[in-house]
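Colleague: sequence and computational prediction follow.
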Amino acid sequence: MANDAPTAKPVVPSTSNMPTPSLPGDVKRFLLNQLNPTTIGQKNVVCRPGMLIDNPGAVYDRLVANAYSPNKFAGINNYRGIVLLRFKLGLADTSSAAQWLQSFLPGKLSSKAAGESTIFICAIPEMHIMTNPFLFLSSQMEYFERALKYPLFEIMGSTNADPELANAEVGSIVDIQFANPDLSVGYVNRLITPGSLDNFVYNGLDDPNAASVCEAGDLLEDIDAVSFIQDLKSSSHFAGWGDAMLIALAANAHAESRFQVAAAGDPRPTATVPVSGRELEVTNPGNNKKAKYCSFGYWQLNICPETAHGSRFLEMFGIERIADRYFEDKDKAYETLINKDNQFKYVARAVVTDPQFNQHIASEVIDGKNEEETVAFLAGLFAAKFENCETCHEGGRSNTARKQKAIEIYRGLHQADTEEDMGGITFDDPANTSVEPPVSNEFTTEGDAQPAPGSGAYR
């Protein structure tokens, strides 16, 4: 698999100043022992008669433990961490999301005066060995789901706190001080160097709070892929299509929208892309935030570039613009975009009229490939030629993830068929062939990327 992400150069620790990752490519992979160089101290493993007090066995056990199982964190209370999320938690907030987050905080915040606390979710690379959320930066939901697995930290001391901490962006490096020897309770103490990843992570969330972070992450539920494929099969627009192509469409719809027909993505403006006037200002059901969006629906059809699929979709259904920008009837444009049958009709027509796809519409297998390889190939082809996201090209991260998702859906369909044939009997998978969740590409700012001339790949 080709690595299409920029490769971060090793950071050399410095006693005076620590370089800060400020761009997505610089923090894709945590480098251990860079932020917090931890060296194991030399231990004296010699046992002398004077050390044998009243329990020779205990002394021996301690010596062996020190020699072969040293604690590299012993005696260290301050660590440098990377900010993954920052949000304000109102103490008067009684929402379930706020209560859930509050239960993880030092002191539970329940005994403090009413007000607001700035909460950080941070990763200490040498201490927290979990999936790196920055690997999923192209997907807001995927990023939140992983970042929320890391510990939460409150700012230490409201009166003497570093004033720059409250607005420390994602990607910042902060000093975290632990209050107990077992490192279970810690506080963010000061800002070491600022980061600048808020625009990439929050993606249009003006002032993220506890509820919106959770709603955009773990609290969202996906519609089952099998049910989505049944919807495709029930539509007259996909009559006569083989399962392989439908699975390819489903894998990409999962990555783009989690099967949400009204999903809105590619908000404007961003740090690099201004408002063009071709967006629609609506409330995104994924995070309940109102913004100006470019992409809509199961496959995130983009209406901002003139030649993108969303713009072609609107032309197909007779939705007109004023001065090639603003909609004559915004409500009609939005209702047309989020209509399920309309989306099915457009995508079916786009596939049928493209020779790269048309030849495989009814195929269950492609020459030289088995069934799993076929669904993976078609999912990758659709990602590269139709979706055209930044890493949707062959060998790109999103392309590979969608191929894996297609295989996962294929196995789920066949498992369901097997259970039905066998009266509900299932077997464990001794080979553990389950596929890791993919890196999706919904809610990105990548939709304006233009394809190569003649490729037919317009998102």
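Modeller: Thanks, I have it.

Colleague: hey, let's count contacts and neighbours off CA atoms from now on
Modeller: OK.

Colleague: contact partners for Asn339?
Modeller: 261-262 (C-alpha atoms under 8 Å, 6 or more residues apart in numbering).

Colleague: at 10 Å instead, please
Modeller: 261-262, 297 (C-alpha atoms under 10 Å, 6 or more residues apart in numbering).

Colleague: list the buried ones in the one helix or strand Ala248 maps to?
Modeller: For Ala248, the host element (DSSP states H and E) is helix 243-257. Buried residues in helix 243-257, counted by 16 or more other C-alpha atoms under 10 Å: 243-257.

Colleague: any chance of the contacts of Asn339 in JSON lines, plus secondary structure, distance to Ala225 and neighbour count?
Modeller: Putting these into JSON lines (DSSP: H, G, I helix; E, B strand; the rest coil; distance: C-alpha to C-alpha, whole Å; neighbours: other C-alpha atoms under 10 Å) gives the following:
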{"residue": "Val261", "secondary structure": "coil", "distance to Ala225": "13", "neighbour count": "20"}
{"residue": "Ala262", "secondary structure": "coil", "distance to Ala225": "17", "neighbour count": "22"}
{"residue": "Gly297", "secondary structure": "coil", "distance to Ala225": "16", "neighbour count": "24"}
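
Colleague: roughly how far apart are Gln300 and Tyr334?
Modeller: Plainly put, Gln300 is 13 Å away from Tyr334 if you go by C-alpha to C-alpha, to the nearest Å.

Colleague: among these two, which residue is more densely surrounded?
Modeller: Set side by side, Gln300 and Tyr334 show more neighbours around Gln300, with 32 against 18, by other C-alpha atoms under 10 Å.

Colleague: excluding its backbone neighbours, what's nearest the more buried one?
Modeller: Glu256 (6.0 Å; C-alpha to C-alpha, 6 or more residues apart in numbering).

Colleague: give me the domain ranges for this protein.
Modeller: By the assignment in automatic domain parsing, the chain contains the domains 24-36+72-215, 225-421.

Colleague: mean pLDDT for those: which is lowest?
Modeller: The weakest mean pLDDT among these belongs to domain 24-36+72-215, with a mean of 72.

Colleague: for this structure, just list every one of the strands.
Modeller: Taking DSSP state E, the strands of the chain run over residues 78-90, 116-123, 152-155, 173-178, 186-193, 264-268, 280-284, 289-296, 301-302, 321-322, 326-327.

Colleague: could you check the angle strand 186-193 makes with the longest one?
Modeller: Computed by axes from the mean of the first three to the mean of the last three C-alpha atoms, to 10 degrees, the angle separating strand 78-90 from strand 186-193 equals 100 degrees.

Colleague: would you mind writing the CA trace of strand 78-90 as PDB?
Modeller: The C-alpha coordinates for strand 78-90 follow below in PDB (Å, rounded to 0.1, in the frame of the first residue of the first chain):
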ATOM      1  CA  ASN A  78       5.400  16.300  34.200                       C
ATOM      2  CA  TYR A  79       5.000  15.200  30.600                       C
ATOM      3  CA  ARG A  80       4.500  16.900  27.300                       C
ATOM      4  CA  GLY A  81       1.200  16.000  25.500                       C
ATOM      5  CA  ILE A  82      -0.400  16.700  22.200                       C
ATOM      6  CA  VAL A  83      -3.800  18.400  22.300                       C
ATOM      7  CA  LEU A  84      -6.400  16.200  20.400                       C
ATOM      8  CA  LEU A  85      -9.500  18.100  21.300                       C
ATOM      9  CA  ARG A  86     -10.400  21.300  23.300                       C
ATOM     10  CA  PHE A  87     -13.900  22.300  24.300                       C
ATOM     11  CA  LYS A  88     -15.800  24.200  27.000                       C
ATOM     12  CA  LEU A  89     -17.900  22.300  29.500                       C
ATOM     13  CA  GLY A  90     -20.500  24.400  31.200                       C
END
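
Colleague: quick one: list the elements packing against it.
Modeller: In terms of contacts (3 or more C-alpha pairs under 10 Å, 6 or more residues apart in numbering; DSSP states H and E), strand 78-90 is packed against helix 96-102, strand 116-123, helix 140-147, strand 152-155, strand 173-178, strand 186-193, helix 198-202, helix 210-215.

Colleague: redo that, cut-off 6 Å
Modeller: Using 3 or more C-alpha pairs under 6 Å, 6 or more residues apart in numbering; DSSP states H and E as the contact definition, the elements that strand 78-90 packs against are strand 116-123, strand 173-178.

Colleague: kindly report the same for the third one.
Modeller: Taking 3+ C-alpha pairs under 6 Å, 6+ apart as contact, the helices and strands that strand 152-155 lies on are strand 116-123, strand 186-193.

Colleague: contacts for it next, please.
Modeller: 119-121, 187-188 (C-alpha atoms under 6 Å, 6 or more residues apart in numbering).

Colleague: repeat that for the fifth one.
Modeller: Applying C-alpha under 6 Å, 6+ apart, the contact partners of strand 186-193 are 20, 153-156, 162, 165, 172-179.

Colleague: scan those and report the most crowded one.
Modeller: Ile173 (27 neighbours).

Colleague: what residues are bridge-paired with the closest residue to it other than its chain neighbours?
Modeller: Among residues not flanking Ile173 along the chain, Ile82 sits closest, at 4.8 Å (C-alpha to C-alpha, 6+ apart). Beta-bridge pairing for Ile82 (DSSP bridges): Ala123, Ile173.

Colleague: thank you, goodbye.
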